[in-house]
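Asks: below: sequence and its predicted model.
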Amino acid sequence: MSTRSKKFARHLPHYLPLLGIFTAGALAFFVFSYDKQFQAGVVLSVAISHFVWGVVHHHIHGDLSMEVVLEYLAISLLGLSVILSLIFRS
């Protein structure tokens, strides 16, 4: 087994919940397409979950730093603002 495969296999248990978060979020987003407020709640929940997942993941692996926290915060806020602007455009 190559080094890359071992690294992927070691991180797989961490990435599966992240995949579940995004899958559940996308499913809820489309199922509740008639309710903009609920969609906004789903998007907010996914953004918060992504941020928390990133912080926990890096803490477990021992490479958590303020830069990593700020990066996950920035990406979560960027995604949140883009999707919310699409939901509430009028």
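Replies: Perfect, thanks for sending it. Numbering: from 1, shown residues only.
Asks: list the buried residues of the longest helix seen in the chain.
Replies: Ranked by residue count under DSSP state H, the longest helix found in the chain is helix 3-31. By 16 or more other Cβ atoms under 10 Å, the buried positions in helix 3-31 come out as 21, 25, 28, 29. C-beta here means a position set from N, CA and C on the backbone, and glycine is covered the same way.
Asks: equivalent analysis for stretch 26-46, please.
Replies: Result for stretch 26-46 [16+ other Cβ under 10 Å]: buried residues 28, 29, 39, 40, 42, 43, 46.
Asks: turn the buried residues of helix 3-31 into a markdown table, including pLDDT and distance to residue 74.
Replies: Below are the buried residues of helix 3-31 laid out as a markdown table (pLDDT from 0 to 100; distance: Cβ to Cβ, whole Å):
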| residue | pLDDT | distance to residue 74 |
| --- | --- | --- |
| 21 | 97 | 18 |
| 25 | 97 | 19 |
| 28 | 97 | 24 |
| 29 | 96 | 22 |
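Asks: circling back: what's the longest helix of the chain packed up against?
Replies: Contacts defined by 3 or more Cβ pairs under 8 Å, 6 or more residues apart in numbering; DSSP states H and E place helix 3-31 against helix 36-60.
Asks: and the contacts of the helix it packs on?
Replies: By Cβ atoms under 8 Å, 6 or more residues apart in numbering, the residues outside helix 36-60 that reach it are 14, 17-18, 21-22, 25, 28-29, 32-33, 64-65, 68-69, 71-73, 75-77, 79-80, 83-84, 87-88.
Asks: low-confidence ranges, this protein, go.
Replies: 1, 90 (pLDDT under 70).
Asks: quick one: contacts for residue 5?
Replies: Residue 5 neighbours (Cβ under 8 Å, 6+ apart): none.
Asks: now the residue nearest the centre of the chain: how far from residue 77?
Replies: In the chain, the centroid-proximal residue (Cα atoms, centre = their mean) is residue 50; its distance is 2.7 Å. The gap separating residue 50 from residue 77 is 10 Å, by Cβ to Cβ, to the nearest Å.
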